[in-house]
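Q: just coords:
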């Protein structure tokens, strides 16, 4: 028996590979299917099933391409309706993988079709559960992503309470919990950085599994939910209806373009120039009106949160050797209309005599010195919880997540200093604001992390909640991909 978690840090997402006696199954695959095919080839096994825990909203799944390559059956839980060929497992239905048994447990709540898969070992003993977004480490799935006519987030939260208490909590404490996401995902509120745990430990430390009434659970679960990123509903639809083959997307997007061809396409196709280099490189020199979202960060989720149209034509300014990676990571969240990349990068652009722009970036020490001397317009673009935990007095909180909503509320004639936690998000914000006519922007390099080390006075609204972690299993073989 082999159980392997294939974890993708950019999306905080866990897919799973299971094999026994020449057969294999994949649970919640990402769109790029090569790692699963290579793993099966290495073990000389046939992929028999592709299990989906639900219609994912935060990434495009690889179930269709993987099924086309392997002839494996795509399995969803009850109530899942797809345009493509798939099989709806009945609650309690069992599937064989070699000597292993996978039992479908319908656990609605995060979504109506959400299903947990219970794996029984060669001896028929309950070994682990693949919970999707039903149960995370330290949290449970948000109940507001699948609201339909006649069903509310309170209804879904109530379903989740019933699912947890009737299907998951009765399982033995030693059963291992393998969720679809970890910390950094927007699919929950309080996820741990750990990517798996024992159910027994989760019964002790997970707030959602503590003894409480159904009414209290619903109240707890529906309080403090931030709005879902705008691309979630679009990705869920793609996972229901289908999408373009990822190999064709990569081929189309990995085209090297001269500076002139790049500029012509940008103008003719109204393409967005997406610069994915490091923040300091972008600040020093970039193509006018380019948007910065660095590839060395939560690249795909920020693209999904901030670029509204999945069909938006995109041109890339990307570090040499990472062109295909950038196109692939765009495709993970459904952005398939990449037209190519600037061959030779900014050096080629300059050598062609093309116009460049820049953003002033100052050190935390320079910023604090000016901040103490006079009143500044400061934009803190971190998340609400980060701001409440600790921030500079008398600064405006403008979360990057909602920049498309608050951009027009600022005075374009004023000077603004912008900071986040470490300098990644502030440069994203600065690039977007610059493209929308804000000309007097100053980025604070190193963000609040560097600012707080200067000894400047800070304040807080609330203490960040913490949660004890422990008892986490360590025998899992894990692969991590960017």
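A: Everything's here; your move. Quantities reported herein were computed from a predicted structural model and do not represent experimental measurements.

Q: mind listing what's buried in stretch 322-335?
A: Residues 322-323, 325-335 are the ones in stretch 322-335 that count as buried (16 or more other CB atoms under 10 Å). Yep, even glycine has a C-beta here, placed from its N, CA and C like the rest.

Q: out of the residues you listed, what pair is the most spread apart?
A: 322 and 334 (20.2 Å; CB to CB).

Q: hmm, back to that, just the buried residues of stretch 322-335: which are in helices?
A: 323, 325, 326, 327, 328, 329, 330, 331 (DSSP state H).

Q: now distance to residue 295 and pLDDT too, for those residues, in TSV please.
A: Shown next, in TSV, are those (distance: CB to CB, whole Å; pLDDT from 0 to 100):
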residue	distance to residue 295	pLDDT
323	10	97
325	7	96
326	6	97
327	11	98
328	11	96
329	7	96
330	10	97
331	14	97
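
Q: and which of these is nearest residue 264?
A: For those, the closest approach to residue 264 (CB to CB) belongs to residue 323, at 19.1 Å.

Q: ok, for that closest one, nearest residue in space, not its chain neighbours?
A: The shortest distance from residue 323 to any non-neighbouring residue, by CB to CB, 6 or more residues apart in numbering, is to residue 341 (4.8 Å).

Q: show me the contacts for the one you found.
A: For residue 341, the contact set (CB atoms under 8 Å, 6 or more residues apart in numbering) comprises 253, 254, 255, 256, 257, 315, 316, 317, 318, 323, 326.

Q: let's see 7 Å
A: 256, 257, 316, 318, 323 (CB atoms under 7 Å, 6 or more residues apart in numbering).

Q: those residues: which two are farthest apart?
A: Among the contacts of residue 341, 257 and 318 lie farthest apart (CB to CB), at 11.5 Å.

Q: tell me which of the contacts of residue 341 fall in helices.
A: Those of these lying in helices (DSSP H): residue 323.

Q: in PyMOL, how would I select the buried members of the contacts of residue 341?
A: Selection command for PyMOL covering only the buried members of the contacts of residue 341, criterion 16+ other CB under 10 Å:
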select buried, resi 257+316+318+323
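
Q: which stretches of the stretch 201-350 of the chain aren't confidently modelled?
A: For the stretch 201-350 of the chain, not a single residue meets the criterion pLDDT under 70.

Q: so which residues of it form strands?
A: In the stretch 201-350 of the chain, the strands defined using DSSP state E, counting those that start in this stretch lie at 256-257, 272-275, 291-292, 314-317, 338-342.

Q: for residue 234, which of the ones you listed is the nearest?
A: Here strand 314-317 is closest among the strands of the stretch 201-350 of the chain (CB to CB), at 15.4 Å.

Q: now residue 207: closest residue in space, sequence neighbours ignored.
A: In space, residue 207 is closest to residue 190, 6.7 Å off (CB to CB, 6+ apart).

Q: need the phi and psi values for that neighbour.
A: Main-chain torsions, residue 190, degrees, to the nearest 10: phi -140, psi 40.

Q: out of the buried residues of stretch 322-335, the closest to residue 307 would be?
A: Looking across these and measuring by CB to CB, the closest to residue 307 is residue 335, at 6.8 Å.

Q: who touches that closest one in this structure?
A: 303, 307, 310, 314.

Q: export the residues you listed to CSV and append columns for neighbour count.
A: Shown next, in CSV, are the contacts of residue 335 (neighbours: other CB atoms under 10 Å):
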residue, neighbour count
303, 23
307, 20
310, 19
314, 24
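
Q: export those residues as TSV, with columns for distance to residue 349.
A: Formatted as TSV, the contacts of residue 335 follow (distance: CB to CB, whole Å):
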residue	distance to residue 349
303	22
307	22
310	27
314	17
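
Q: just those: which are in helices?
A: residue 303.

Q: can you tell me which of the contacts of residue 335 lies nearest to residue 389?
A: residue 303 (26.4 Å).

Q: how many other residues sit next to the nearest residue to the closest one once chain neighbours are set aside?
A: Leaving aside its chain neighbours, residue 303 sits nearest to residue 293 (5.7 Å; criterion: CB to CB, 6+ apart). Neighbour count of residue 293, defined by other CB atoms under 10 Å: 26.

Q: so what's residue 272 up against?
A: 291, 307, 312, 313, 314.

Q: neighbours of the closest residue in space to residue 263 that isn't next to it in sequence, how many?
A: Nearest residue to residue 263, sequence neighbours excluded (CB to CB, 6+ apart): residue 354, at 6.7 Å. Counted with other CB under 10 Å, the neighbours of residue 354 add up to 16.

Q: could you say which helix or strand holds residue 354?
A: If you go by DSSP states H and E, residue 354 is not part of any helix or strand.

Q: and it, how far from residue 262?
A: Distance, residue 354 to residue 262, by CB to CB, to the nearest Å: 9 Å.

Q: in the sheet, who's paired with the residue nearest to residue 323?
A: residue 256, residue 316 (DSSP bridges).

Q: confidence score at residue 482?
A: As predicted, residue 482 sits at a pLDDT of 39.

Q: ok, how many other residues are close to residue 76?
A: 25.

Q: nope, residue 440 is what I was after
A: As a burial measure, residue 440 scores 14 neighbours (other CB under 10 Å).

Q: if you skip the residues just before and after it, what's nearest to it?
A: Looking at residue 440 with CB to CB, 6+ apart, the closest residue is residue 415, at 4.2 Å.

Q: does the nearest residue to residue 375 once chain neighbours are set aside belong to a helix, a strand or coil?
A: Here the nearest residue to residue 375 in space, its sequence neighbours aside, is residue 394; by CB to CB, 6+ apart that works out to 7.9 Å. Secondary structure state of residue 394, per DSSP: H, G, I helix; E, B strand; the rest coil, is coil.

Q: what separation is there between residue 394 and residue 331?
A: Taking CB to CB, one finds residue 394 at 43 Å from residue 331.

Q: how about residue 73, phi and psi?
A: phi -80, psi 130.

Q: typo on my end, it should be residue 27
A: The phi/psi pair for residue 27 (degrees, to the nearest 10) reads phi -110, psi 130.
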